[in-house]
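K.L.:
Here is my input; please provide its structure:
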Amino acid sequence: MRKLSFALIGLLVGLLIAPHCGAQFNRKSIKKNNKRIASYTGKKHFGKEHVYSGVGFSLNAMNYYGDLAPLPSRFSTDISFTKPGIGISLFHRFGPRYTLVGQFMYGTLKGSDAESAKKTSDETVNFNQVRNLSFRNRIKELSLTAYFDLFENEGTYISRVKWTPYVFAGIAVFLHNPQAQEPDKFLDGSPNPNAGKWVDLQPLGTEGQKSNTSTLLSTDVNYGNKVYSLFQAAIPFGAGARFRLNEVFDLWFDFGFRYTFTDYLDDVSKNYVDVTRFTDPLAQAMSYRSNEIPNPGLGTHLVTINGQSVPIINGYGQEGPTNNRGDDKRKDIYMVTSLKLTYILGATFHRAKFR
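P.N.:
The predicted structure is shown next:
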């Protein structure tokens with residue numbers, strides 16, 4: 001009887017202790033699994049959680065490649081004219097490698113023959129120095145660009161790679177407006193009351209685009225030259241790298257080019273128009289600025305402007321098939337070097353689901 005009593009007591013104690021032991025075991029197991037999940041850095045497949053969106057802000061440096069570059073080369077630019085720009089963007093990541101970015105960017109391009117033109121080997125002035133044109137152009141660009149990562153990432157945004165190089169290409173449209181500062185005097189020698197003021201160049205028709213204000217002949221090289229549009233398209237392309245800063249912030253650094261479909265970012269493309277064909281003295285002065293170069297050492301010829309005899313340098317400010325003002329066979333290009341900080345939207349929601 002005593003043995004039976006001890007057996008019953010042992011059974012009751014076992015039934016009471018067993019649930020607590022099981023619960024303790026389960027808590028340890030869950031804790032261990034949570035720790036393993038938190039430290040796991042491999043690929044995590046949680047449906048489409050690797051698809052996410054975000055916003056970005058960029059600081060940019062902009063450079064111009066065109067007719068007012070230091071050398072007559074497609075890849076020539078004056079680094080001293082690097083100008084700042086800013087951008088805001090939205091991005092959406094579609095998968096392990098692909099991101100689509102929409103961006104608005106604002107910045108300035110600038111060029112100047114007087115400051116950039118390279119002297120020849122014998123230290124004599126070259127064509128660009130005598131031409132003496134200059135400009136600035138404020139660009140407002142809207143782009144849609146596809147980015148391709150070289151390092152694949154199939155996990156959630158939490159487990160994205162620490163860094164990856166990428167390449168990109170897309171489409172862009174932009175508004176531009178080339179300007180230049182007005183000279184101290186008009187070509188006839190009369191003072192300009194607006195000297196130094198920035199003026200829009202496109203409305204002046206400096207290469208004969210305004211047929212109603214310049215009496216171009218049908219035999220003139222620039223006859224029929226159309227007014228260029230201030231709304232243009234471009235193809236952005238380039239390469240860079242993205243670095244993960246923490247769970248929600250990334251830093252992007254890239255450089256890219258905008259191949260444009262215009263040769264008038266600088267208001268320079270084709271041939272000179274005879275200065276006597278302009279009826280607007282400001283258009284006349286902005287088309288031909290070689291008179292501001294002191295003693296270029298080149299031959300001149302005299303023309304009559306407002307009853308005044310004005311010397312014009314041969315080949316400049318003069319109609320002729322070889323009297324080029326620019327090179328219309330090459331379109332203008334601008335380069336954008338960008339440092340961008342991005343933030344992943346909806347991170348709190350995704351983090352709650354993951355954990």
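K.L.:
Thought residue 254 was touching residue 239, still the case?
P.N.:
Yes - using CB atoms under 8 Å, residue 239 makes contact with residue 254 at a distance of 6.3 Å. Heads up, the C-betas are built off the backbone N, CA and C, glycines and all.
K.L.:
Mind jotting down where the strands sit in the stretch 251-355 of the chain?
P.N.:
300-305, 308-313, 333-344 (DSSP state E, counting those that start in this stretch).
K.L.:
still on that earlier bit, hey, what's in contact with both of residue 239 and residue 254?
P.N.:
Counting by CB atoms under 8 Å, 6 or more residues apart in numbering, the contacts common to residue 239 and residue 254 are 166, 168.
K.L.:
Those two: who's more crowded?
P.N.:
residue 254 (20 against 14; other CB atoms under 10 Å).
K.L.:
what about the closest residue to the more buried one other than its chain neighbours, is that helix, strand or coil?
P.N.:
In this structure, residue 254 finds its nearest non-sequential neighbour in residue 240, 2.3 Å apart by CB to CB, 6 or more residues apart in numbering. What DSSP: H, G, I helix; E, B strand; the rest coil gives for residue 240 is strand.
K.L.:
Residue 240 and residue 103: what is the separation?
P.N.:
Taking CB to CB, to the nearest Å as the measure, residue 240 falls 13 Å from residue 103.
K.L.:
try residue 144
P.N.:
8 Å.
K.L.:
Those two: who's more crowded?
P.N.:
Remark: of residue 144 and residue 103, residue 103 carries more neighbours, 21 against 13, as counted by other CB under 10 Å.
K.L.:
I'd assumed that one was in a strand, is it?
P.N.:
Yes - under three-state DSSP, residue 103 sits within a strand.
K.L.:
I'd assumed residue 147 was in contact with it.
P.N.:
No - the pair residue 103 / residue 147 is not scored as a contact, 11.3 Å apart, by CB under 8 Å.
K.L.:
list residues touching both of those two?
P.N.:
In contact with both residue 103 and residue 147: no residue, using CB under 8 Å, 6+ apart.
K.L.:
follow-up on the earlier one: residue 87: which of the strands of the stretch 251-355 of the chain is closest?
P.N.:
Set against residue 87 and scored by CB to CB, the strands of the stretch 251-355 of the chain come closest in strand 333-344, at 7.0 Å.
K.L.:
Packing partners of that closest one?
P.N.:
Secondary-structure packing of strand 333-344 (3 or more CB pairs under 8 Å, 6 or more residues apart in numbering; DSSP states H and E): strand 52-65, strand 83-93, strand 98-112, strand 231-244, strand 249-260.
K.L.:
Taking strand 83-93 as reference, get the angle to it.
P.N.:
Strand 333-344 and strand 83-93 meet at an angle of 50 degrees, taking axes from the mean of the first three to the mean of the last three CA atoms, to 10 degrees as the criterion.
K.L.:
contacting residues around residue 318?
P.N.:
For residue 318, the contacting residues are 272, 274, 275, 301, 312, by CB under 8 Å, 6+ apart.
K.L.:
Low-confidence regions, the protein specifically.
P.N.:
Along the chain, the parts satisfying pLDDT under 70 run over 1-50, 119-125, 212-214, 347-355.
K.L.:
Which parts of it are helices?
P.N.:
With helices called from DSSP state H, the chain shows them at 2-38, 113-116, 127-131, 281-287, 347-354.
K.L.:
number of nearby residues for the closest residue to residue 220 other than its chain neighbours?
P.N.:
Once flanking residues are discounted, residue 220 sits nearest to residue 319: 5.5 Å by CB to CB, 6+ apart. Neighbour count of residue 319, defined by other CB under 10 Å: 20.
K.L.:
cool, the one 5 residues further on as well?
P.N.:
Burial measure for residue 324: 19 neighbouring residues, criterion other CB under 10 Å.
K.L.:
how much space is there between it and residue 98?
P.N.:
Applying CB to CB, the value for residue 324 to residue 98 is 45 Å.
K.L.:
Repeat that for residue 310.
P.N.:
Taking CB to CB as the measure, residue 310 falls 61 Å from residue 98.
K.L.:
Which of these two has more residues huddled nearby?
P.N.:
Comparing residue 310 with residue 98 by neighbour count (other CB under 10 Å), the higher total belongs to residue 310, at 21 against 13.
K.L.:
Can you name the residues that contact that one?
P.N.:
Residues near residue 310 by CB under 8 Å, 6+ apart: 187, 188, 189, 275, 291, 302, 303, 304.
K.L.:
how far away is it from residue 276?
P.N.:
In terms of CB to CB, residue 310 sits 9 Å off from residue 276.
K.L.:
Overlap in contacts, those two.
P.N.:
303, 304.
K.L.:
list the contacts for residue 113?
P.N.:
By CB under 8 Å, 6+ apart, the contact list for residue 113 reads 68, 128, 129, 131, 132, 133, 134.
K.L.:
Filter those down to the buried ones.
P.N.:
Those of those that meet the buried threshold are 68, 128, 129, 131, 132, 133, 134, by 16 or more other CB atoms under 10 Å.
K.L.:
what's the closest of those to residue 205?
P.N.:
Minimum separation from residue 205 among the buried ones among the contacts of residue 113 (CB to CB) is found for residue 133, which lies at 15.0 Å.
K.L.:
quick one: the closest one and residue 157, what's the gap?
P.N.:
Per CB to CB, residue 133 is found 50 Å from residue 157.
K.L.:
Alright, that wraps it up for me.
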